[in-house]
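S.K.: What shape does this take:
(one chain, ligands or ions: 1)
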Amino acid sequence: MRAHPTTSDLQAQDAAHHMHPFTDDAALAKKGARVITKGEGVWLTDSDGRQMLDGMSGLWCVNIGHGRAELAEVAAAQMRELAFSNTFFQTTHPPAIALAAKLADLAPCDLNHVFYSSSGSEANDTNIRLVRHYWASKGKPQKQVIISRKNAYHGSTIGGASLGGMAAMHAQGALPIPGIERIGQPHWYSEGGNMTPEEFGKARAQELEEAIHRIGADTVAAFIAEPIQGAGGVIIPPDSYWPEITTICKVHDLLLIVDEVITGFGRTGNWFGSQTFDLKPDIMTIAKGLSSGYMPIGGSMVSDEIADVVGQAGDFAHGYTYSGHPVAAAVALANLEILETEKLIGRVRDHIGPYLTRAWAGLEDHPLVGRAESCGLMAALALTPDKARRAAFAANEGVVGEICRDRAFANDLVMRHVGDRMIIAPPLTITEDEVDELIRRATRALDETHAIVQQAGLMAVA
Ligand code: PXG
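M.R.: Numbering: from 1, shown residues only. Take a look at the predicted model:
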């Protein structure tokens, strides 16, 4: 490769050799991937020197913002001291210890133990094995089934994808694995019909009760859910939903696995979404914001009871080479210190979260937007051809959303689409001026989308 490859050189090599996740590689090869070369705060720079506002914190993870040299220093120092050592064979090391203790301190309830992974997917694979092993160790080996939800995202490994409720993922590779059942999602806007959000939230929670009766409580091990569905489209459940779910789990002796991969580490204005929604998890999946994406690290936070039972049951025959990787753990710990010393989470709860909520709500006046929703610094717009009826477009789901995503990109804003919902989750460090700029760019993207959609005759109602 030449010393300074051009953008088209990079794109050609990328297309020739790099298989992208969740991407139609042939289509991408035709237009060329945008090559990101630098990050600073909420800003990304591409190989042509264009700056864009990162409304997605990378991939819901760069909570403290891009370009923090402090973390580079921590990583370099740790690599010099001890770049790698395993945690399998009767050994441990200071970064894994310090991070575990810090996480126990921050996590809600008695989640005082962590089993490390390098990602959220791996952590959820751990959770499948852990809950089944836990019940078997308690003399209830028949408690094996895990109940999840349609349109949930719990990762891309075979276990994670099986737990998830993404139809497109299950269609490839003979998924899901056995022993996973699914109930509906608390997505009032699209599925609530004539019910009030509260009625609908309760009804969707009661599906858990029905599923337990159908499957048999003595065979159900756990229920897994994200406090707010992230990759599913930032679906914030009605207030009636979580209290009902919590009660049902307790009554039927199910473990509650709360997947905090997106909602953890400040995203909703508390350390964890479990605190925002008053949940009492038995297990919590963490990743992403744990290190703000500076190193790959995740884990399963586990209650005293589960750690005790599993700890007394001999070897738990499970682990990853990089479980508790020293560099990743050291960087994660430094990231948590930044979240704490800069008071970034209180800032989301009391200041920049409410500021974004007000600004975002203003987008509901746009003719394409049926509803603007947000919690902390995660937010969604439901696009619709008919606001009053919360109608879907006649065109295939996602056609209009993708146009809007492309217009956002063209306006140098990273805003994702999930179907016809537009979603953002900017770094927790975003300033008021940057929120204003995000809203201006999102508005331009919506205006341009509206014009395109009208011209193409795509405003028809399904
Ligand atoms: N659980 C949740 C709730 C997630 O959001 C995972 C588990 C898996 O984590 P890893 O680290 O294995 O990717 C996730 C990941 C998207 C998108 O398109 C979301 C995720 C990953 C990739 C894309 O919104 N979330």
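S.K.: Is the nearest residue to Gly193 once chain neighbours are set aside in a helix, a strand, or coil?
M.R.: Counting by C-beta to C-beta, 6 or more residues apart in numbering, the nearest residue to Gly193 once its immediate chain neighbours are dropped is Phe200, at 7.7 Å. Backbone N, C-alpha and C define where each C-beta goes, glycine included. State at Phe200, reduced to three classes by DSSP: H, G, I helix; E, B strand; the rest coil: helix.
S.K.: so what pLDDT did Phe200 get?
M.R.: pLDDT, Phe200: 98.
S.K.: Could you report the distance from it to the ligand?
M.R.: Counting by C-beta to the nearest ligand atom, to the nearest Å, the gap from Phe200 to the ligand is 22 Å.
S.K.: Now that that residue has come up, it's in contact with Gly192, right?
M.R.: Yes. With contact defined as C-beta atoms under 8 Å, Phe200 counts as touching Gly192 (4.1 Å).
S.K.: Give me the longest helix you can find in the chain.
M.R.: Of all the segments assigned as helix in the chain under DSSP state H, the longest by residue count is helix 432-455.
S.K.: Now that one: buried residues?
M.R.: Of the residues in helix 432-455, 434-435, 437-439, 441-442, 444-446, 448-450, 453 count as buried by neighbour count, 16 or more other C-beta atoms under 10 Å.
S.K.: Could you export those to a markdown table, including columns for pLDDT and distance to Asp54?
M.R.: Converted to a markdown table, the buried residues of helix 432-455 look like this (pLDDT from 0 to 100; distance: C-beta to C-beta, whole Å):
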| residue | pLDDT | distance to Asp54 |
| --- | --- | --- |
| Glu434 | 98 | 10 |
| Val435 | 98 | 13 |
| Glu437 | 98 | 12 |
| Leu438 | 98 | 10 |
| Ile439 | 98 | 15 |
| Arg441 | 98 | 12 |
| Ala442 | 98 | 13 |
| Arg444 | 98 | 17 |
| Ala445 | 98 | 15 |
| Leu446 | 98 | 19 |
| Glu448 | 98 | 20 |
| Thr449 | 98 | 20 |
| His450 | 98 | 24 |
| Val453 | 98 | 26 |
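S.K.: of all the residues you listed, which comes closest to Asp125?
M.R.: The shortest distance between Asp125 and any of the buried residues of helix 432-455, using C-beta to C-beta, involves Leu438 and amounts to 35.0 Å.
S.K.: I'd say the closest one and Met56 touch.
M.R.: No. Leu438 is not in contact with Met56 according to C-beta under 8 Å; the separation is 11.0 Å.
S.K.: if I look at those two, which residues touch both of them?
M.R.: With C-beta atoms under 8 Å, 6 or more residues apart in numbering applied, the overlap between the contact sets of Leu438 and Met56 consists of Ile424, Pro426.
S.K.: okay, the residue of the stretch 251-400 of the chain found nearest the ligand: pLDDT?
M.R.: When distances are taken as C-beta to the nearest ligand atom, the stretch 251-400 of the chain approaches the ligand most closely through Val261, which lies 3.5 Å from it. Per-residue confidence for Val261 comes out at a pLDDT of 98.
S.K.: what is the nearest residue to Ala225 once chain neighbours are set aside paired to in the beta sheet?
M.R.: Excluding its sequence neighbours, the residue lying closest to Ala225 (C-beta to C-beta, 6+ apart) is Arg149, at 5.9 Å. When bridges are called by DSSP bridges, Arg149 pairs up with Ile183.
S.K.: Around Arg149, count how many other residues there are.
M.R.: Burial of Arg149, expressed as a neighbour count using other C-beta atoms under 10 Å, amounts to 25.
S.K.: That one: what's it in contact with?
M.R.: Arg149 makes contacts with Gly165, Arg182, Ile183, Gly184, Gln185, Ala225, Gln229, as judged by C-beta under 8 Å, 6+ apart.
S.K.: Which neighbours in the sheet does the helix or strand hosting Phe223 have, and how are they oriented?
M.R.: Applying DSSP states H and E as the criterion places Phe223 in strand 220-225. When pairs are called by DSSP bridges, strand 220-225 turns out to pair with strand 145-149 (parallel), strand 255-259 (parallel).
S.K.: Please write out the alpha-carbon positions of the helix or strand hosting Ala76 in CSV.
M.R.: Element membership of Ala76, judged by DSSP H and E, is helix 69-82. Taking C-alpha atoms only, helix 69-82 is exported to CSV below (Å, rounded to 0.1, in the frame of the first residue of the first chain):
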residue,chain,number,x,y,z
ALA,A,69,-5.7,10.5,25.2
GLU,A,70,-6.0,9.5,28.9
LEU,A,71,-7.2,6.0,27.9
ALA,A,72,-4.4,5.6,25.4
GLU,A,73,-2.0,6.3,28.2
VAL,A,74,-3.6,3.7,30.4
ALA,A,75,-3.6,1.1,27.7
ALA,A,76,0.1,1.8,26.9
ALA,A,77,1.1,1.6,30.5
GLN,A,78,-0.8,-1.6,31.1
MET,A,79,0.7,-3.2,28.0
ARG,A,80,4.2,-2.4,29.2
GLU,A,81,3.4,-3.8,32.7
LEU,A,82,1.4,-6.9,31.8
